[in-house]
Structure formats: C-alpha cells, structure tokens
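> Quick one, structure for this:
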Amino acid sequence: MGEIEHFVNPDDKSHPNFPSVASKELVLFGRDDQLGSGKTKTVTVGEAVSSGLVNNETLAYFMARTQLYMERIGMDPSRLRFRQHLTTEMAHYACDCWDLEIQSSYGWVECVGHADRACYDLEVHSKATKTPMVATLKLDEAKEIEMAKLKFDRKSLGKTFKANQRVVSGALEALAENWADFEPVATALETDGKATVDGFEITKEMVTWKKTSKKVHEIKFTPSVIEPSFGMGRILYSLLEHCFYQRDADEQRCVMKFKPAVAPQKCAVLPISSGAEVNTVVDEIAAELMESDLATRVDKSTAALGRRYARVDEVGVPFAVTVDFDTLADGTVTLRERDSMAQIRLPKSDVTRLVFDFVHGRSTWEEATAKYPVVQVKED
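Residues are numbered from 1 along each chain as shown. Next up, the predicted model:
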C-alpha cells in the first residue's frame, strides 16, 4: 500500500497545476449513472470539475495524475475507469471519493482510492493529542471577518463539566473565530436552549455572545486531506495481465509487452555463434550496458536464435542486440524491438546510448528506424 496525504485549505481546494491536466480525458462512472443508465462517461477533467461531478480541482488533479501514471507504466487505457462511491459507501465525513478500477480476468477491481476526507483526520488527531492541527494563510492585505465575542458563565461551566471545562470553552472559542462556524450553535441555543459541541451539551445559560467583526492579517484553518491510496499488489498484477499477449502467427509464443521504463531487464545481448571472438564482443556490449545501469540479459546457449528471441520476449525484454559475423568485419550489430520484431543495423558503439534514450523516453523506435537501416532477419 502506498498513500499520499495532501493537505489543502477547505475553503480553497484549487490546485496550481490543475491547468496542466484539465484537458485529460477520464472514463467516469458517477453515482447517478451507477443507479441509472449503468453506463460510463468520458469527459475531460476540467469538465468534470466545472459540472460538479468531481468535487474539486485537487481531487481531480490526483485522479488525472493517477491515469497518466497508469498509462505510462503500460496499462491498457480502455480497461481503466473511475467509479464514484455511492452515498451509502462514503464515510460520513467524506466530501467525495473515486476509485480507479482496472479490468482484469477478475472483473473490475479497485486499485487506487481517491478520497477527499475533509478535516476529519486532523480534527480527530487534534482532539486525541490536545494539540492544535492548524495551518496559517498569510494575507497580502488585511481582511475583515465576522466572528462571535463570547462571555462564559464559568461557575455554570465548572459545575457541569468539571475537569472538561477548558475543553468545552476552547471548542466554543475556536468556533467563535468564524461566525459561519458558530452560527449553527447560536441558532440551536436560541431555538432549543441547548446545542452539542464536540460531544458536550451546552445550554444557553453557560454562554452569551455578540456578533462582531475584526481585521486579520492571517487566517488559521484545519486543513482538509486529499488521500490517493495505491494498492501496489493489485496494480502489479493488473499490469502483468495487461502486458501479456500471444503472437498472431504462433500462439505458443507468449510476450510480455512491458514498456522499456518498467521492464525488469532492458536489453538482451545474443551471439549468433559460440565462437570466442563473437562472445568477446557480447561481453563488451553487455558490460557497457550495465555500466549505464541498464539491466542486461546475456544468452550464450546453443539454442536457435529465434528460440532465444522468444525467451527474452516471454520475460518482457524490450530490446535485443545480436552480435553476428558482420560485427567482426565492420563493428555493426543488429538491434531488435520486441513487439514489432523489426531490426536495425547500427554501430555497436551506438547501442548503449540508444537503449538508454529508449528507456528514459528521449527517443522512440520510429526515430531509430528513420536513422538506421532496417534489416530483414528470419527468426526460425
């Protein structure tokens, strides 16, 4: 399990990087659609927030980043969707919750939760530890805010709450800092003669108040928590399923189409023969690749070259270098791309740089085929 705890002002849940993902399309399965049509909707992140389908920018930002991450590691976008929690599923304190679900042989499986947990976590922690969990927002200019000025009947408070007298008065004073927070308490006291604050029943005789205002240069608040929570095991299993396929021409040839960035081994180096001169070049290329932190697989077995290609395909190695007799003559090798099975011929000195660029997204196979000659090699 991996989690992010992102704190945000409950009165301003915008995100500075939201514009960078606003145009990203997501497949959303809102609660109304779950109870109605049963169909998903594909909308941009910006539209989802502006329509109110997703509660706020920060929650939507993390949803979009999760989608981008899944696509980057190789998940099939057509088998990803975000399902909104029904009101019967949501915690009483939550503002909005969306699960990224990934379709696998087990059906749609929740793999990443995205929850706006409001201020609940910090408020509970604050009460348990008797430590304020507040953030401070510095204002560029002084701002006038409405508040309540309280006067307590300490005798009545002490008689009723004894050792908890300060806890109760502190809770009321915290609410009084903002009239919008204190107003429901004031209304209940005026209407019913009593109100409940943090589990304590307050009566009208215990406190009097006056609505007033003051200028402030900073605002203190208990942050809301936006919590993306990743199920690592489920994500990894789903990735394995999404990357598995069989060659059209031969169902016995299984392939794991890991993207270069996540493939456990980045490149294989294969000799076309078991000759000492050929194997020396193989060792040189493998050593240079590993020196650049590119995990490398060397197969010097006597199996046919096509069989050795199939072996590295099965474990998801995206590229394979073949050292052949032309290598001894002109210093060139072939580089094979796993999914297309296409090969290019290039100087052996270019191999490490090119594979490194593939792995780090600095170059593409299409760019390489435009630069180096494509060669036809039989794999039987």
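
> Run the chain-centre distance for stretch 53-60.
Here stretch 53-60 is found 14 Å from its chain centre; the criterion is CA atoms, centre = their mean, to the nearest Å.

> Please identify the helix or strand for the residue nearest to F200 when sequence neighbours are not counted.
If the residues on either side of it in the chain are set aside, F200 comes closest to V168, at 5.0 Å by CB to CB, 6 or more residues apart in numbering. In short, each C-beta sits where N, CA and C put it, glycine included. Following DSSP states H and E, one finds V168 within helix 165-176.

> tell me the mean pLDDT over that helix?
What helix 165-176 shows for mean pLDDT is 88.

> likewise stretch 272-289?
95.

> Spit out the contact partners of S104.
79, 237-238, 241-242 (CB atoms under 8 Å, 6 or more residues apart in numbering).

> looking at the protein, which helix or strand is least sure?
Least confident helix or strand of the chain, by mean pLDDT, DSSP states H and E, is helix 120-129 with a mean of 85.

> Using PDB, write down the CA coordinates of that one.
Extracted C-alpha coordinates of helix 120-129, given in PDB (Å, rounded to 0.1, in the frame of the first residue of the first chain):
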ATOM      1  CA  TYR A 120     -11.800  14.700   9.900                       C
ATOM      2  CA  ASP A 121      -8.300  13.200  10.300                       C
ATOM      3  CA  LEU A 122      -6.600  16.200  11.700                       C
ATOM      4  CA  GLU A 123      -9.600  17.200  13.900                       C
ATOM      5  CA  VAL A 124      -9.700  13.700  15.500                       C
ATOM      6  CA  HIS A 125      -5.900  13.700  16.000                       C
ATOM      7  CA  SER A 126      -6.000  17.200  17.500                       C
ATOM      8  CA  LYS A 127      -8.700  16.200  20.000                       C
ATOM      9  CA  ALA A 128      -6.800  13.000  20.900                       C
ATOM     10  CA  THR A 129      -3.500  14.700  21.500                       C
END
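
> which helices and strands sit right next to the longest strand along the chain?
The residue-count maximum for a strand in the chain (DSSP state E) belongs to strand 135-152. Applying 3 or more CB pairs under 8 Å, 6 or more residues apart in numbering; DSSP states H and E, one finds that strand 135-152 contacts helix 165-176, helix 179-192, strand 207-221.

> Using a markdown table, lay out these together with mean neighbour count and distance to Q67.
Below are these laid out as a markdown table (neighbours: other CB atoms under 10 Å; distance: least, CB to CB, whole Å):
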| stretch | mean neighbour count | distance to Q67 |
| --- | --- | --- |
| helix 165-176 | 18 | 39 |
| helix 179-192 | 14 | 36 |
| strand 207-221 | 14 | 30 |
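
> Distance to A276 for those - can I get that in CSV?
Converted to CSV, these look like this (distance: least, CB to CB, whole Å):
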stretch, distance to A276
helix 165-176, 80
helix 179-192, 82
strand 207-221, 73
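
> do you know which of those lies nearest E146?
Of all those, helix 179-192 sits nearest to E146, with 3.8 Å by CB to CB.

> and for that closest one, what are the contacting residues?
145-148, 172, 175-176, 194-197, 202-204, 207, 209, 211.

> Contact partners for the spatially most central residue of the chain?
In the chain, the residue lying closest to the centroid (CA atoms, centre = their mean) is T66, at 3.4 Å. By CB under 8 Å, 6+ apart, the contact list for T66 reads 100, 112, 114, 228.

> low-scoring pLDDT stretches of the stretch 251-380 of the chain, where are they?
Regions of the stretch 251-380 of the chain meeting the criterion pLDDT under 70 cover residues 380.

> So which residues make contact with the helix or strand containing E277?
Here E277 sits within helix 276-291, counting by DSSP H and E. For helix 276-291, the external contacting residues (CB under 8 Å, 6+ apart) are 266-267, 269-272, 296, 298, 300, 321, 323-325, 327-328, 333, 348, 351-352, 355.

> For the nearest residue to K215 once chain neighbours are set aside, list the residues it contacts.
Nearest residue to K215, sequence neighbours excluded (CB to CB, 6+ apart): A142, at 4.6 Å. By CB under 8 Å, 6+ apart, the contact list for A142 reads 215-217.

> In terms of pLDDT, where does A142 sit?
Per-residue pLDDT puts A142 at 85.

> before we move on, what about the one 10 residues further on?
Confidence per residue is given as pLDDT, and for F152 that number is 91.

> what about it, distance to W179?
From F152 over to W179 the distance is 18 Å, taken as CB to CB, to the nearest Å.

> for A268, same thing?
To W179, A268 is 69 Å away according to CB to CB.

> now T88
For T88 relative to W179 (CB to CB), the value is 34 Å.

> before we move on, the earlier item: now do the contacts for the residue nearest to F200.
Applying CB under 8 Å, 6+ apart, one finds that V168 lies in contact with 157, 161, 197-198, 200, 202.
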